[in-house]
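In: Below are the sequence and a predicted model for it; my questions follow.
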Amino acid sequence: MRLRSILLVAVLACSWNAVFADPPNVLPADADPIAARIDEVIRDYAVQGRFQGSVLVARNGAVVYRKGFGLADIGRGIDNTPETRHRIGSLAKAFTAAIILLLVDEGRLDLDAPITDSLPAFRADHAARITLHQLLSHTSGVGVGVPDRSDSERRQPYMPDEVVQLANLVGLLHETGARYRYSNLGYNLLAAIIEQTEGKPFDAVLRERILDPLGMRSTGLVSTDPNPQDRSSSYDRMSWGETEEAPQLDESFAIGARGMYSTVDDLYRWDRAVSGDELLSEESRTRMLLHGSRNARYGWGIDTYTDREGDVGTLVYANGGARGGAALTFRLVDDRHFIVLLGNIRQIPLTRIARNITRALVGAPVNPATPPLKPLYEVLVGRGVDAAVERFAGKADLPPELEINRLGYDLMNRGRLDAAIRVFQFNVQAYPQAWNTYDSLAEGYMEAGDYLTAVTFYNLSLDLNPRNANGKMMLQRLQARPGPF
């Protein structure tokens with residue numbers, strides 16, 4: 001097996017063709033066998049209600065698949081299309097990182113210098129120990145996000161300097177440079193540094209530096225979107241099939257880290273620019289993408305994929321989630337393939353879908369979609385645990401243990417504790433050798449106040465997995481309660 005990722009620097013130095021000004025012409029899926037396989041993959045998830053959004057796939061640098069699924073606005077009956085604008089969550093981080101690197105290329109910022117001068121509003125005792133590289137690579141030690149933010153507060157607009165003042169209240173979570181810890185707050189600070197350096201709002205810098213030069217006319221900040229009614233609405237789809245509109249929150253607090261919208265076409269433009277030589281210097285591009293980590297550093301993650309012959313290639317990816325939305329890009333560097341999935345429901349198995357599309361692109365067997373949860377839920381609620389065991393246990397359409405577990409927790413988090421306990425009871429019988437099923441059922445009983453039964457099932461979980469730290473901790477809590485323990 002040859003590891004082709006060593007070719008990454010050379011490949012990234014080459015553009016994938018000029019950035020297109022108009023959407024590409026794509027053959028119908030049934031006219032291209034690869035596109036037909038991709039279409040089958042996505043439809044398997046769409047018909048189960050597990051994908052709703054827009055898709056673009058490029059093969060060998062040319063777009064071969066481009067389509068929308070489901071509704072962009074359920075109330076108005078508006079379909080998702082490739083032109084639909086969706087919120088993109090943490091995909092925004094790569095844009096922030098690129099602007100910082102442009103300023104580094106110009107000699108106006110230094111990646112390895114303390115941020116004391118570039119962000120004087122940030123507390124000096126922390127700024128003197130933190131570098132731009134550490135903020136970009138999630139190793140600065142600053143907190144995960146702005147503290148003590150309720151949903152009601154998130155409905156109010158925040159300026160970047162206000163976010164910096166909130167960040168001043170937070171101590172470092174660990175010593176700077178010591179380890180990786182994902183931080184939205186670090187990227188909030190990077191946006192403030194960009195504003196300080198350029199002397200203008202982040203939105204203006206984003207447009208002048210990236211969006212306008214690349215022709216990304218359908219991309220911007222959610223908080224300054226001039227036509228929010230034309231963006232896809234955001235939904236939460238419960239694992240048992242119900243759909244509800246997600247809370248609408250002001251996303252100005254997320255500037256630099258999240259809070260952007262885009263389309264599949266614009267993200268294709270963006271990917272070709274950032275992976276080619278049209279935007280960044282070769283040094284910055286290499287530093288952005290080759291930093292020895294599979295985590296989301298500098299806005300990207302690095303992983304691998306395997307082709308039909310078993311050769312290993314480099315995968316550059318980004319994923320993001322927002323209230324009622326999800327987004328993902330995959331770049332198969334060695335084969336020059338690209339995948340972008342944008343959804344307007346939060347609960348989409350995007351990585352699983354993208355991995356299957358990757359298999360279709362490289363000619364490997366595609367894994368079928370896992371069985372849906374809704375039929376199991378309907379039997380459990382309508383006919384009980386015994387009927388569900390008879391119908392599903394050991395059958396081909398039995399959903400995976402972890403998916404069933406998620407269904408139970410979704411129900412419990414929605415206050416439907418009786419239904420959640422039924423789900424956990426079923427999971428124990430369907431997967432009797434899985435320690436986590438007992439742990440979850442114990443938690444259900446604990447929430448219901450049946451502490452003796454909870455102790456029984458935590459002990460059963462520990463019999464199967466003596467290293468179950470959560471079970472040990474919960475048993476200690478239960479045994480510390482007044483009562484017959």
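Out: Looks like it arrived, so ask away.
In: mind listing what the nearest residue to Ala113 once chain neighbours are set aside touches?
Out: Excluding its sequence neighbours, the residue lying closest to Ala113 (C-beta to C-beta, 6 or more residues apart in numbering) is Thr131, at 6.3 Å. Just so you know, the C-beta spots here come from the backbone N, C-alpha and C atoms, and that holds for glycine as well. Each residue near Thr131 by C-beta atoms under 8 Å, 6 or more residues apart in numbering is listed here: 111-115, 140, 176.
In: do the same with Asp110
Out: Contacts of Asp110 were listed using C-beta under 8 Å, 6+ apart, and they are 104, 132.
In: again with Gly220
Out: Contact partners of Gly220, counting by C-beta under 8 Å, 6+ apart, are 203, 206-207, 211, 260-261.
In: got any ranges where this protein has weak pLDDT?
Out: Across the chain, the stretches falling below the confidence threshold (pLDDT under 70) are 1-31, 146-157, 290-296, 482-485.
In: so where's the longest strand in it?
Out: Residue-count comparison of every strand in the chain, with assignments taken from DSSP state E, identifies strand 312-322 as the longest.
In: just to revisit the earlier point, buried members of the contacts of Thr131 into ChimeraX, please.
Out: Buried subset of the contacts of Thr131, written as a ChimeraX selection, criterion 16 or more other C-beta atoms under 10 Å:
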select :111,114,115,140,176
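In: Nearest to Ile88 among the contacts of Thr131?
Out: The nearest member of the contacts of Thr131 to Ile88, counting by C-beta to C-beta, is Ser140 at 23.4 Å.
In: now the closest one: how far from Leu166?
Out: Ser140 sits 16 Å away from Leu166 when distances are taken as C-beta to C-beta, to the nearest Å.
In: Ok, Gly324 next?
Out: Between Gly324 and Leu166 the distance, using C-beta to C-beta, works out to 24 Å.
In: okay, those two: which has more neighbours?
Out: Looking at Gly324 and Leu166 with other C-beta atoms under 10 Å, you find the greater number of neighbours at Gly324, namely 24 against 19.
In: So which residues of this protein form strands?
Out: Remark: strands assigned in the chain by DSSP E are 53-59, 62-69, 71-73, 78-79, 86-87, 220-221, 235-237, 243-245, 260-262, 301-306, 312-322, 325-332, 337-343.
In: mind checking how far the residue nearest to the spatial centre of the chain is from Pro349?
Out: The central residue of the chain, meaning the one whose C-alpha is nearest the mean C-alpha position (C-alpha atoms, centre = their mean), is Gly320 at 3.0 Å. Gly320 sits 15 Å away from Pro349, going by C-beta to C-beta.
In: And for Gly68?
Out: When distances are taken as C-beta to C-beta, Gly68 and Pro349 turn out to be 18 Å apart.
In: burial count for Arg383?
Out: Neighbour count of Arg383, defined by other C-beta under 10 Å: 12.
In: what residues are up against the closest residue to Ala246 other than its chain neighbours?
Out: Using C-beta to C-beta, 6+ apart and skipping residues adjacent in sequence, the residue nearest Ala246 is Gly324, 2.8 Å away. Residues touching Gly324, when contacts are defined by C-beta under 8 Å, 6+ apart, comprise 87, 233-236, 245-247, 344-346.
In: For PyMOL, what selects the buried ones among those?
Out: Isolation of the buried members of the contacts of Gly324 (16+ other C-beta under 10 Å) is achieved in PyMOL through the command below:
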select buried, resi 87+233+234+235+236+246+344+345+346
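In: of the contacts of Gly324, closest to Thr329?
Out: Distance to Thr329 across the contacts of Gly324 (C-beta to C-beta) is lowest for Arg87, with 14.4 Å.
In: and that closest one, what does it touch?
Out: For Arg87, the residues meeting the contact criterion (C-beta under 8 Å, 6+ apart) are 222, 231-232, 234, 251, 259-261, 322, 324-325, 327, 344.
In: now do His337
Out: 57-60, 330-331, 358, 361-362.
In: Can you pick out the most distant pair from those residues?
Out: Asn60 and Phe330 (14.8 Å).
In: Looking at those two, which is more packed in?
Out: Each of Asn60 and Phe330 has its neighbours counted (other C-beta under 10 Å); Phe330 has more, 26 against 11.
In: Apart from its chain neighbours, what residue comes closest to that one?
Out: Among residues not flanking Phe330 along the chain, Ile339 sits closest, at 4.1 Å (C-beta to C-beta, 6+ apart).
In: Check Tyr305 too.
Out: Spatial nearest neighbour of Tyr305, chain neighbours left out: Leu315 (4.8 Å); criterion: C-beta to C-beta, 6+ apart.
In: thinking Glu83 is in contact with Ser262, fair?
Out: No. In terms of C-beta atoms under 8 Å, Glu83 does not count as a neighbour of Ser262; the distance is 11.1 Å.
In: Please enumerate the shared neighbours of these two.
Out: Looking at what touches both Glu83 and Ser262 (by C-beta under 8 Å, 6+ apart), the common residues are Ser218.
In: Give me the more crowded residue out of those two.
Out: Taking neighbours as other C-beta under 10 Å, Glu83 and Ser262 compare with Ser262 leading, 24 against 16.
In: Can you name the residues bridging to that one?
Out: For Ser262, the beta-bridge partners are His86 (DSSP bridges).
In: returning to what we had before: I'd like the strands of the chain laid out as JSON lines, including distance to Arg269.
Out: Shown next, in JSON lines, are those (distance: least, C-beta to C-beta, whole Å):
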{"stretch": "strand 53-59", "distance to Arg269": "11"}
{"stretch": "strand 62-69", "distance to Arg269": "11"}
{"stretch": "strand 71-73", "distance to Arg269": "21"}
{"stretch": "strand 78-79", "distance to Arg269": "23"}
{"stretch": "strand 86-87", "distance to Arg269": "15"}
{"stretch": "strand 220-221", "distance to Arg269": "14"}
{"stretch": "strand 235-237", "distance to Arg269": "27"}
{"stretch": "strand 243-245", "distance to Arg269": "30"}
{"stretch": "strand 260-262", "distance to Arg269": "10"}
{"stretch": "strand 301-306", "distance to Arg269": "21"}
{"stretch": "strand 312-322", "distance to Arg269": "15"}
{"stretch": "strand 325-332", "distance to Arg269": "12"}
{"stretch": "strand 337-343", "distance to Arg269": "11"}
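In: for those, which one sits closest to Ala35?
Out: Comparing these by their distance to Ala35 (C-beta to C-beta), the top pick is strand 62-69, with 4.7 Å.
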